Structures are given as structure tokens and as C-alpha cells.
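Chemist: Build me a structure from this.
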Amino acid sequence: MDIRDKIEYLVIFIGEFARHHNINVRDTYLYLRKYKALDFLEQQYDVAHTMGFRYMVDAMTDYCKRNGGYLS
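Modeler: Numbering: from 1, shown residues only. Purely as a prediction, here's the structure:
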């Protein structure tokens, strides 16, 4: 695995999550970090990057909610 691939994936994912929830990228990053979604994506990159972004946005929205997040 190339670290650049992981970084690129996470940057794109944050943008997709922000667009889906209509919030800015900075707040999205802070939200995903606070509710541990970025940690999860980093650990599960090998599987996560094979899934569609729409699926992963929905999955990480649910994941954040289980960890106290408020977006739906």
C-alpha cells in the first residue's frame, strides 16, 4: 500500500462526506476525527477503498452516530 493512495482516498472521502451533508470541509474533517470515522477508515483502508463513496459516506454516517455523532 502506498501512503499517497491512502491520503488521496481520505481527502476525496472527506470532500464527498462534506458534499453529502452540505457542510464545509474543515468541519467535516473535525467531525469525522471526533467520532473516530477517520481512524476507522485508516485502519480498514484495504477494504474501504474498494467500496463506493456513496456507500462509505452512508456507512461512516452511521458509524459516527453510534459514536455520538449527530448527522443523519
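
Chemist: Tally up the residues packed near Asp2, please.
Modeler: Asp2 is flanked by 7 other residues according to other CB atoms under 10 Å. Any C-beta I mention is one placed from the backbone N, CA and C, and that applies to glycine too.

Chemist: Show the pLDDT at it.
Modeler: Here, the pLDDT recorded for Asp2 equals 86.

Chemist: try the one 4 residues further on
Modeler: Here the pLDDT value assigned to Lys6 is 95.

Chemist: do you know how far it is from Arg66?
Modeler: The gap separating Lys6 from Arg66 is 23 Å, by CB to CB, to the nearest Å.

Chemist: what about the chain, any weak spots by pLDDT?
Modeler: For the chain, the stretches with pLDDT under 70 are 1.

Chemist: where exactly do the helices run in it?
Modeler: For the chain, the helices defined by DSSP state H cover 3-21, 25-34, 37-43, 45-48, 53-66.

Chemist: Show me which residues of the first one are buried.
Modeler: Judged by neighbour count (16 or more other CB atoms under 10 Å), helix 3-21 contains these buried residues: Lys6, Tyr9, Leu10, Phe13, Ile14, Glu16, Phe17, Ala18, His20.

Chemist: wait, Phe17 sits on Val57?
Modeler: Yes: contact criterion CB atoms under 8 Å: Phe17 and Val57 qualify, at 5.2 Å.

Chemist: Please spell out which residues along stretch 55-68 are buried.
Modeler: By neighbour count on 16+ other CB under 10 Å, the buried set for stretch 55-68 is Met56, Val57, Met60, Thr61, Tyr63, Cys64.

Chemist: Could you check how far the closest residue to the first one other than its chain neighbours is from Arg26?
Modeler: Closest residue to Met56 in three dimensions, ignoring its sequence neighbours and counting by CB to CB, 6 or more residues apart in numbering: Ala48, at 5.9 Å. Distance from Ala48 to Arg26, counting by CB to CB: 22 Å.
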